[in-house]
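Q: Fold the following and give me the result.
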Amino acid sequence: MRSIGRAAIPLLPRVVDNRPMSDHTMPLPDNVHVITHPLVQHKLTLMRRKDASTSTFRRLLGELAALMTYEVTRDMPMQEVEIETPLERTTGHVIDGKKLVFASILRAGTGILDGMLDVVPSARVGHIGLYRDPQTLQAVEYYFKMPQDMEGRDVIVVDPMLATGHSAVAAVERLARLSPRSIKFVCLLAAPEGIAALHGAYPDVPIYTAAVDRQLSDHGYILPGLGDAGDRIFGTK
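A: Next up is the predicted model:
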């Protein structure tokens with residue numbers, strides 16, 4: 001993948017500030033896309049509530065992920081095909097869903113994955129097993145499985161939270177070795193620290209998020225955030 005490379009210094013370019021619910025003042029890189037659609041923001045607010053049940057949280061996450069997919073795939077290449085309607089032959093346009101790979105960062109990425117597959121069921125799926133070391137907050141890989149022949153494929157990495165950015169950087173670094181045509185990163189919430197980390201390492205990777213929150217806590221959680229996404233999806237602690 002020729003267009004994806006690591007940068008030596010995390011520099012932030014000119015900004016486009018269209019962020020909802022953001023108290024911080026960090027300028028956003030041009031390729032950080034905050035999805036401000038009212039339905040996305042409505043469902044995100046319901047998910048943030050501490051009294052949202054596991055089933056409600058899981059359902060809202062699937063719905064929100066499906067809505068975000070429309071924006072994330074806006075620039076997908078299409079091809080013209082000839083079809084026959086009940087009245088006559090005509091031409092239309094279709095995507096090649098088999099060239100698209102959703103790469104889920106386990107375990108919480110599974111919640112986003114299901115909603116996106118509802119929209120693009122022909123997409124291929126890969127999994128990246130990463131956990132965050134509680135002492136160093138660094139990402140540790142324990143599983144990696146992707147479709148064959150990744151060259152020429154478009155990869156969308158999914159993880160609900162872009163917090164420290166360590167898992168995102170580790171995932172993109174691992175995927176870049178397979179030389180896909182493009183890589184995007186999709187999350188529900190992003191912290192300024194996570195954006196700086198991912199953009200600093202891979203400035204050509206676009207980031208799509210529903211909101212950019214204020215900061216990280218001392219334990220690496222996004223504030224105000226929505227808690228631990230994995231625990232809230234699966235009902236664990």
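
Q: Strands of the protein, start to end?
A: All strands of the chain, identified by DSSP state E, fall at 32-34, 78-84, 89-95, 100-106, 124-132, 139-145, 154-158, 161-162, 182-190, 207-212, 215-216, 222-223.

Q: centre of the chain versus the fourth one, how much separation?
A: Going back to what we said before, that points to strand 100-106. On the basis of C-alpha atoms, centre = their mean, to the nearest Å, strand 100-106 sits 9 Å off its chain's mean C-alpha point.

Q: what sits up against that strand?
A: When contacts are defined by C-beta atoms under 8 Å, 6 or more residues apart in numbering, strand 100-106 is touched by residues 73, 76, 110, 112-113, 116-117, 120, 122-130, 143, 146-147, 150, 153-159, 167-168, 171, 175, 180. C-beta coordinates here come from the backbone N, C-alpha and C atoms, glycine included.

Q: partners of it in the sheet?
A: Here strand 100-106 has these sheet partners by DSSP bridges: strand 124-132 (parallel), strand 154-158 (parallel).

Q: repeat for the third one
A: Listed by DSSP bridges, the sheet partners of strand 89-95 and their directions read strand 78-84 (antiparallel).

Q: Give me the contacts around the longest helix along the chain.
A: Longest helix in the chain, counting residues (DSSP state H): helix 54-72. By C-beta under 8 Å, 6+ apart, the surrounding residues in contact with helix 54-72 are 33, 35, 37, 39-40, 43-44, 46-47, 52, 111-116, 118-120, 156, 158, 160, 184, 186, 188, 208, 210, 229, 232-235.

Q: what sits against F144?
A: F144 neighbours (C-beta under 8 Å, 6+ apart): H127, I128, G129, R174.

Q: Kindly report the same for I195.
A: I195 neighbours (C-beta under 8 Å, 6+ apart): M26, L28, P29, V32, L162, G165, I207, V212.

Q: returning to that earlier point: now, of the contacts of helix 54-72, which are buried?
A: For the contacts of helix 54-72, a neighbour count by 16 or more other C-beta atoms under 10 Å gives the buried set as 33, 35, 40, 43-44, 47, 52, 111-113, 115-116, 119-120, 156, 158, 160, 184, 186, 188, 208, 210, 229, 232-234.

Q: The residue most central in space within the chain and D96, how far apart?
A: Central residue of the chain (C-alpha atoms, centre = their mean): V186, 1.3 Å from the mean position. Separation of V186 from D96 (C-beta to C-beta, to the nearest Å) stands at 20 Å.

Q: ok, back up a step: can you flag which of the contacts of helix 54-72 belong to helices?
A: Per DSSP H, these map to helices at 39-40, 43-44, 46-47, 111-116, 118-119, 229, 232-234.

Q: Could you point out which residue ranges in this structure have low pLDDT?
A: Applying pLDDT under 70 to the chain flags the ranges 1-26.

Q: Kindly provide the distance from the residue in it sticking out farthest from the centre to H93.
A: The outermost residue of the chain relative to its centre, with distances by C-alpha atoms, centre = their mean, is L87 at 41.3 Å. Distance, L87 to H93, by C-beta to C-beta: 19 Å.

Q: Good, wrapping up.
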